[in-house]
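**Student:** Predicted model and sequence below, questions to follow.
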Amino acid sequence: RRQLTPLLLKQLMKSFPDSSYEALRPLVESFAVLVKHDLVQTQGALKTILVFLSKPDKRAVGVHLLVQTALQCEDKLSQSDLGELKKDLSLVSGGKYAQEVGFAKRKLGLLCPPNIRQLSPPANRPFKVTAGKACQCHTEQVFTVLYDEATEKLITTSRDGSMVTWSLDGAVEEKMSLGKHYCCSADLNYKFNTMALCGIARDPQANIDACVFVFKRKDSPSGSPSLQWDNVGSVPRPQSKIVTAVKCIGHDSGNTLATGEQLLVPTMGSKKDIVCIYDLPEGGGLERLQPSTVYHEHEEIITCLATHGLDSNLFFSGSKDLSIRLWDKRLPSRSAASIIGNSKKSSGAKVHSQMITCLSTFEHTLVSAGLDNQLLVWDVRMLAQGNVASSVRQLNVDREAILKINALYMPGQVASAGLIAVSTVRALFVARISDGAVVKADLPQGRNFQAYHDIKWTPKGMWAAGEGRTLDHFAVEVS
């Protein structure tokens, strides 16, 4: 050990500033193995990683060491270790290493709000969901809430055609207009600093095409993630009546989007519901971009998309046809890799009896919900067996239709632990997977309930927005 550790560090110090993982793989994996088997003390390893992260010309080494240590040694890090690591990770948040740092943060649970991370594992501890501030900016209902992990900001879009960036304290930092469109669905790609938004005409009577807006993060002189976004163009979809959902997929292999669209077929006087994949170009040309792949298997409108918790090349779609389909963008076949349940027109078991409204994922866990008020938890690994129609768990949340869910990531737990924020037509709830406990959230002071269309977990609690036009904060605390 005395000879090997200094030798490894000496070789790592010789690495070029932009060394790839493949070039460093033997060294960083050997270092992580030494830490895993206590041949290098955890505290010493942590200090070594932070030294590399703090040096701009050695940052690539630090990032790759961090990822491998997170993969192999997550159980060895104490809460104080994690706190120090998170503080120093601010040196490389976003930018070139956004995907790697984001993965390490997720693996180590650094994106979980501390009070929730402490709350979730004990199945017998009661908890409460308390309302905090209600933040105003939009003039019509809010459809999307995004959490930008690179800058720790929130982004909302509204029926009023605006896109607003917020601090985690609820202060408005930037407001942009989408012109004659509004956004009903949005997603972020951290590696490519891209944000995609579904554009719908604000005036339904106007002759304005549906589209997909593409925003790029503005350059920052310091190299840290910029808080501001540039609208670099849009992908027009004149053949589509509506683009219902968008998801950034395939982060490892390119800047790629998946969309759910309702295609008009004038010659047949009908509509087709399709899932499309777009490979975004580096430069311009968005106005001429066409889907690289189109899937036709859904029989009714596609309501939601979600990426696989561990492989961004895999993604799910949910539909009014009652089925959930798993797609693999790498497969040449234009058909679903697997199906959860059967559609309305097919024989066999149905997993939901009414329209599926939302999907949420972490690791190998998939959570689905719909207008039938069912909240179902799935182990995605079971999909290798073909068409799956039996969930791992069913949580009883409310007797009303579920509009939106968001599952809180819990490292190492598959369909057995974690928290799920659940918005129904009459209330907001938090459900705990491990024991099925469900708690109704308090309302903001002086407010009657108005349905929430989107919910996001952040390091400072839960944020929700919808018909009330405000962005509302909630905290989950041990009772």
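**Tutor:** Arrived safely, thanks for sending.

**Student:** Every contact and neighbour count from this point should use C-alpha atoms.
**Tutor:** Fine.

**Student:** What residues does the closest residue to Y452 other than its chain neighbours make contact with?
**Tutor:** Nearest residue to Y452, sequence neighbours excluded (Cα to Cα, 6 or more residues apart in numbering): G466, at 4.1 Å. Residues near G466 by Cα atoms under 8 Å, 6 or more residues apart in numbering: Q141, V142, F143, Q450, A451, Y452, H453, D454.

**Student:** mind checking how far G466 is from G284?
**Tutor:** G466 is 34 Å from G284, where distance means Cα to Cα, to the nearest Å.

**Student:** can you check R432 too?
**Tutor:** Look at R432 and G284: by Cα to Cα, they are 45 Å apart.

**Student:** same deal with N313?
**Tutor:** To G284, N313 is 24 Å away according to Cα to Cα.

**Student:** Also Q41?
**Tutor:** From Q41 over to G284 (counting by Cα to Cα), the distance is 50 Å.

**Student:** Dig out what I356 forms beta bridges with.
**Tutor:** Beta-bridge pairing for I356 (DSSP bridges): G370.

**Student:** The chain: helices as residue ranges?
**Tutor:** Taking DSSP state H to define them, one finds helices in the chain at 4-13, 21-36, 42-54, 59-73, 79-89, 98-107, 114-119.

**Student:** Quick check: which of those helices is buried the most?
**Tutor:** Most buried of the helices of the chain, by mean neighbour count (mean count of other Cα atoms under 10 Å): helix 59-73, with a mean of 23.

**Student:** other SSEs contacting that one?
**Tutor:** Packing contacts for helix 59-73, counted by 3 or more Cα pairs under 8 Å, 6 or more residues apart in numbering; DSSP states H and E, involve helix 21-36, helix 42-54, helix 98-107.

**Student:** Worst mean pLDDT among those helices?
**Tutor:** Lowest mean pLDDT of the helices and strands packed on helix 59-73: helix 98-107, a mean of 64.

**Student:** Correct me if wrong: E152 contacts S167.
**Tutor:** Yes: the pair E152 and S167 passes the contact test of Cα atoms under 8 Å, sitting 7.4 Å apart.

**Student:** thinking again about what came up before, quick one, which of N313 and G284 is more surrounded?
**Tutor:** N313 (20 against 11; other Cα atoms under 10 Å).

**Student:** Isn't that one up against I249?
**Tutor:** Yes: assessed by Cα under 8 Å, N313 is found in contact with I249 at 5.8 Å.

**Student:** how many neighbours does Q450 have?
**Tutor:** Q450: 18 neighbours (other Cα under 10 Å).

**Student:** how about it, phi and psi?
**Tutor:** Q450 has phi and psi values of phi -130, psi 130 when expressed as degrees, to the nearest 10.

**Student:** show me what contacts it?
**Tutor:** V425, R426, A427, G466, E467, G468.

**Student:** Tell me which residues touch the second one, please.
**Tutor:** Right, the one you point to is R426. Contacts for R426 (Cα under 8 Å, 6+ apart) come out as E400, F449, Q450, A451.

**Student:** May I ask which of the residues you listed has the most neighbours?
**Tutor:** Counting by other Cα under 10 Å, top hit in these: A451 with 20 neighbours.

**Student:** and that residue, how far is that from G254?
**Tutor:** Using Cα to Cα, A451 is found at 36 Å from G254.

**Student:** Ok, D81 next?
**Tutor:** 34 Å.

**Student:** now do V145
**Tutor:** 24 Å.

**Student:** hang on, the earlier thing: hey, what's in contact with both of N313 and I249?
**Tutor:** T307.

**Student:** residue ranges with poor pLDDT in the stretch 251-400 of the chain?
**Tutor:** Residue ranges of the stretch 251-400 of the chain with pLDDT under 70: 252, 268-269, 332, 334, 384-390.

**Student:** please redo it, this time with the cut-off set to 50
**Tutor:** Applying pLDDT under 50 to the stretch 251-400 of the chain flags no residue at all.

**Student:** Report the contact partners of Q354.
**Tutor:** For Q354, the contact set (Cα under 8 Å, 6+ apart) comprises K320, L322, G370, L371, D372.

**Student:** So H251 is in contact with S312, correct?
**Tutor:** Yes: using Cα under 8 Å, H251 is in contact with S312, at 6.1 Å.

**Student:** Find the nearest non-adjacent residue to A421, please.
**Tutor:** Using Cα to Cα, 6+ apart, the closest residue to A421 is V430 (4.5 Å).

**Student:** Could you pull up the residues touching that neighbour?
**Tutor:** Neighbouring residues of V430 by Cα under 8 Å, 6+ apart: V129, L419, I420, A421, V422, V438, V439, K440, A441.

**Student:** Could you turn the buried ones of these into a PyMOL selection?
**Tutor:** To isolate the buried members of the contacts of V430 in PyMOL, using 16 or more other Cα atoms under 10 Å:
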select buried, resi 129+419+420+421+422+438+439+440+441
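
**Student:** ok, back up a step: so for V145 and G254, which sits in the more crowded spot?
**Tutor:** Ranked by neighbour count (other Cα under 10 Å), V145 and G254 place V145 first, with 27 against 16.

**Student:** Distance check, the more buried one against A465.
**Tutor:** Note on V145: its distance to A465, by Cα to Cα, is 7 Å.

**Student:** Need the overlap of contacts for those two.
**Tutor:** Counting by Cα under 8 Å, 6+ apart, the contacts common to V145 and A465 are D454, I455.

**Student:** just to revisit the earlier point, between the contacts of V430, which is nearest G260?
**Tutor:** Nearest to G260 among the contacts of V430: V422, at 22.5 Å, using Cα to Cα.

**Student:** for that closest one, what are its contacts?
**Tutor:** Taking Cα under 8 Å, 6+ apart, one finds V397, I402, L403, K404, I405, N406, L428, F429, V430, A431 in contact with V422.

**Student:** now for the residues you listed, which pair is the farthest apart?
**Tutor:** Within the contacts of V422 (distances taken as Cα to Cα), the two that end up farthest apart are L403 and A431, at 14.7 Å.

**Student:** could you dump the helices and strands packed on helix 59-73 to CSV with distance to T194?
**Tutor:** What follows is the helices and strands packed on helix 59-73, written out as CSV (distance: least, Cα to Cα, whole Å):
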stretch, distance to T194
helix 21-36, 23
helix 42-54, 24
helix 98-107, 12
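
**Student:** Next, the contact list for the closest residue to L65 other than its chain neighbours, please.
**Tutor:** Nearest non-adjacent residue to L65, counting by Cα to Cα, 6+ apart: V28, 5.3 Å away. By Cα under 8 Å, 6+ apart, V28 lies in contact with V61, H64, L65, Q68.

**Student:** Mind doing that once more with 10 Å?
**Tutor:** Counting by Cα atoms under 10 Å, 6 or more residues apart in numbering, V28 touches 8-9, 12, 21-22, 34, 61-69.

**Student:** What of A475?
**Tutor:** 113, 115-116, 128-132, 441-442, 457, 460-463.
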